[in-house]
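1. Sequence and predicted structure, then a few things I'm wondering about:
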Amino acid sequence: MLSKDEIIRAIIKVTGGDENKEFTKTAILRELGMKSAKASIDKIFKELEDEGFIKFKETKGRGKYYVLAKRQSEKQDMKDLKGALREVLEEYFGKPKSFADLDRTYDFMKDSLGYVRIENLRKQLGMSLEQFMAKFGDYILQHYELIPGGEEGFIKNGVMYGIIRRKR
């Protein structure tokens, strides 16, 4: 006797999870290594149709062709889960910082000569050194001048460049 789980696994294997790939009961039986089990497979296919897992597509000759049903509820559940996860991460870590956030914070913190220590800028943004450099390292190198000094920043030729000024 065939189980519903065996049939589902065979359908997924035959279709590769593609909602557009057609299959027949015969193809599923072949995948399971069986020649016939008509009554039990008919009952299981009916249940899977009622549950919205598969749907009848068309009849070609004597064959009935099915496809995987589009699982809108699963897609919506995944979308809801991603949204909830994003909310939790933003509450715990804060909103992701952008280049505009860096520029705004720089403008707020710069002194009369336009200098800001990278360490102070990083702390104001609430980021670890690793997060800050991974997110803004290349951007700073392109848009800001590096000035020797400070305790955190870029090391070039053995010199710490931990102060920046916007390029003119």
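-> Noted; the coordinates are in hand.
2. Kindly export stretch 155-168 (C-alpha atoms) in CSV.
-> Output of stretch 155-168 as CSV, limited to C-alpha atoms (Å, rounded to 0.1, in the frame of the first residue of the first chain):
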residue,chain,number,x,y,z
ILE,A,155,46.8,51.4,7.8
LYS,A,156,48.9,52.4,4.8
ASN,A,157,52.7,51.9,4.7
GLY,A,158,52.7,51.3,8.5
VAL,A,159,50.8,54.6,9.2
MET,A,160,47.4,54.7,10.9
TYR,A,161,45.0,56.9,9.0
GLY,A,162,42.1,57.4,11.5
ILE,A,163,40.9,60.9,10.6
ILE,A,164,38.9,61.7,7.5
ARG,A,165,37.9,64.8,5.6
ARG,A,166,35.4,65.0,2.7
LYS,A,167,37.2,65.3,-0.7
ARG,A,168,36.6,68.6,-2.4
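3. Please point out which parts of that stretch sit buried.
-> Neighbour-count burial for stretch 155-168 flags M160, Y161, G162, I163, I164, R165 (criterion: 16 or more other C-beta atoms under 10 Å). Every C-beta, even on glycine, is put in place using the N, C-alpha and C of the backbone.
4. do the same with stretch 23-38
-> By neighbour count on 16+ other C-beta under 10 Å, the buried set for stretch 23-38 is F23, K25, A27, I28, L29, E31, L32, A37.
5. What is the nearest of those residues to T105?
-> For these, the closest approach to T105 (C-beta to C-beta) belongs to F23, at 56.9 Å.
6. give me every residue that touches the closest one.
-> Going by C-beta atoms under 8 Å, 6 or more residues apart in numbering, F23 touches I11, V14, T15, Y65, Y66, V67.
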